[in-house]
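**Student:** Got a sequence here, can you model it:
(2 chains)
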Amino acid sequence: MNASPVIAVTGLHRGENPQPGSAVIRSLRRVYPELRIIGLVYDSLESGLFSEDDAPDAAFTMSYPGAGEEAFWERLDAIREIERFDVLIPCLDAEMEPLVDAPEKLRERGIHACLPTTASFKCRDKSNLAELCDRTHCRTPQTLAVSDVNSLHQAALTLGGNVFIKGRYYEAQHAITPAAREAAYWHMLEQWGAPVLVQENVPGEEYNVIGLGDGRGRMLGSCSIRKMLRTASGKGFGGMVVRDPQLDAIAQSLIAELRWNGPFELEFVKSEGPKADYCLIEINPRFPAWCDFPSTLNCNLPAAALELALGWQPREPLRHASPGKFFIRHAIDMTGDIRDLAALTTSGQFFRQPREIIPHQAVSHGL
Amino acid sequence: MKLASLSTRIHPSGQPHDPALCAGSGSFDFHTVTWQADGFGFDATSGEFFTASPAALIVMQALSEDMARQQILDRLTVRFEVARSTAERDLESFLAELLHIGLTQESI
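**Tutor:** The predicted structure follows:
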């Protein structure tokens, strides 16, 4: 291992559907400002590469998960010939499975990671959520996995017609008509492969819980929010910290049942009515894009995950964020340079150089 | 101060000032909402926030303290220059509306 560990992070695009990598980097640097961090990217236009505040020190293009596991490990080895990173923090659902299924491949390379076991990873899969919820007495919308159009329509009718069509890893589209269902089905199949999931629509407020499991059934820290703003695709664009003992208890029981190791995000809907229960929509096996927000409130989960992966003593217990604190996402424009783009596109690697700053002349005009 | 308008003033922020839109907002609990003096209320359990007129604020705070209708009327008539009969009529109408839109479960 390097004297000071080098960290690799994926998922650096913060576009319309922001990925978590840049938020993870920002959180890590809040605690460890000198940490060397490299980005593993799938596209040379991942916006986090060009950020002033949370860009990695270097970046390398990866082979797409669709290219197969062999290509993935080969590329990882080639990158480590240049930049021998010690810790990997995967931030995209699609790259989790090969890592979770082959922890020995990481171990034999000396790469540390905070990953769940294959068993707990599978238990939280969208198609197995009902069983998990049965065991933990948690409500979840009825979800059916389909692999052809006839089963799609049959499943939708069974669930009352008003459903969400969901991709295996990402995306959900609300569909009421058969035409909308079919269009969403083909889209999800093309993007994320089979099976496609048909989920009962539970209207209500959305609540998310981010946390870190220690692999023995305990949560090392967590933060719960109500989504205040949502994009057209349902992604949270603002969230308010809440503290509801009922929600905390459900989250604790799910993580205890899974003996979850590493970061997670639980997504709930609470339907209307005085006796409404939280309904578990899905469990994401990684940090969400809003993971830096709790870090600003003394609940730095990415830094704690790094410490857990390396077996370091935690710096201090993670605090509960105070209800009433909220985040709002703010999109700004990044300035890139064609040389960086050229380096990534042609050689698959890019080392961050000091930025060329064009100074502005200060003017007063009697202000 | 007339109380008749107070029912149209309470609303979850970020939504139009139409109390009908609050209907079925099962997350609202008078006991978990903290109100500021300016009428801004926040429920730490659900993350919902609200605004209320000065008169509505008095009623909401009273409900969170489980006050009876007569006690609420006492508070209103002490705080505002209003005839008890007017306050009673307006309070009745307000409480009925709270019940109708699901913010209270039973008549106070």
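**Student:** continuing past the least confident helix or strand in chain B by mean pLDDT, what's the next helix or strand?
**Tutor:** Using mean pLDDT, DSSP states H and E, strand B:11-12 stands out as the lowest-scoring helix or strand of chain B, at a mean of 44. Remark: after strand B:11-12, the chain's next helix or strand is strand B:33-35, criterion DSSP states H and E.
**Student:** Partner strands of that following strand, with direction?
**Tutor:** Sheet pairing of strand B:33-35 (DSSP bridges) gives strand B:40-43 (antiparallel).
**Student:** Keeping just the C-alphas, turn the partner strand into CSV.
**Tutor:** C-alpha atoms of strand B:40-43 as CSV (Å, rounded to 0.1, in the frame of the first residue of the first chain):
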residue,chain,number,x,y,z
PHE,B,40,-43.7,29.4,10.3
GLY,B,41,-44.2,25.8,11.4
PHE,B,42,-41.8,22.9,10.9
ASP,B,43,-42.5,19.2,11.5
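**Student:** Looking at chain A, which strand is longest?
**Tutor:** Longest strand of chain A, by residue count under DSSP state E: strand A:219-230.
**Student:** Listing partners with orientation, what would you give for whatever helix or strand comes next after it?
**Tutor:** Toward the C-terminus, strand A:219-230 is succeeded by strand A:236-242 as the next helix or strand (DSSP H and E). When pairing is defined by DSSP bridges, strand A:236-242 lines up against strand A:219-230 (antiparallel), strand A:326-328 (antiparallel).
**Student:** quick revisit: in the longest strand of chain A, what's buried?
**Tutor:** A:Met219, A:Leu220, A:Gly221, A:Ser222, A:Cys223, A:Ser224, A:Ile225, A:Arg226, A:Lys227, A:Met228 (16 or more other Cβ atoms under 10 Å in any protein chain shown). Backbone N, C-alpha and C define where each C-beta goes, glycine included.
**Student:** Which entry within those corresponds to the minimum pLDDT?
**Tutor:** The lowest pLDDT within the buried residues of strand A:219-230 belongs to A:Met228, which sits at 92.
**Student:** Identify the residues contacting the residue lying closest to that one once chain neighbours are set aside.
**Tutor:** Using Cβ to Cβ, 6 or more residues apart in numbering or on different chains and skipping residues adjacent in sequence, the residue nearest A:Met228 is A:Gly238, 4.1 Å away. Taking Cβ atoms under 8 Å, 6 or more residues apart in numbering or on different chains, we find A:Gly238 in contact with A:Lys227, A:Met228, A:Leu229, A:Phe326, A:Phe327, A:Ile328, A:Arg329.
**Student:** Just the pLDDT for the residue of the stretch 51-200 of chain A at minimum distance from chain B.
**Tutor:** Distance from chain B to each residue of the stretch 51-200 of chain A (Cβ to the nearest Cβ) is smallest for A:Arg139, at 14.2 Å. In this model, A:Arg139 is scored at 94, pLDDT.
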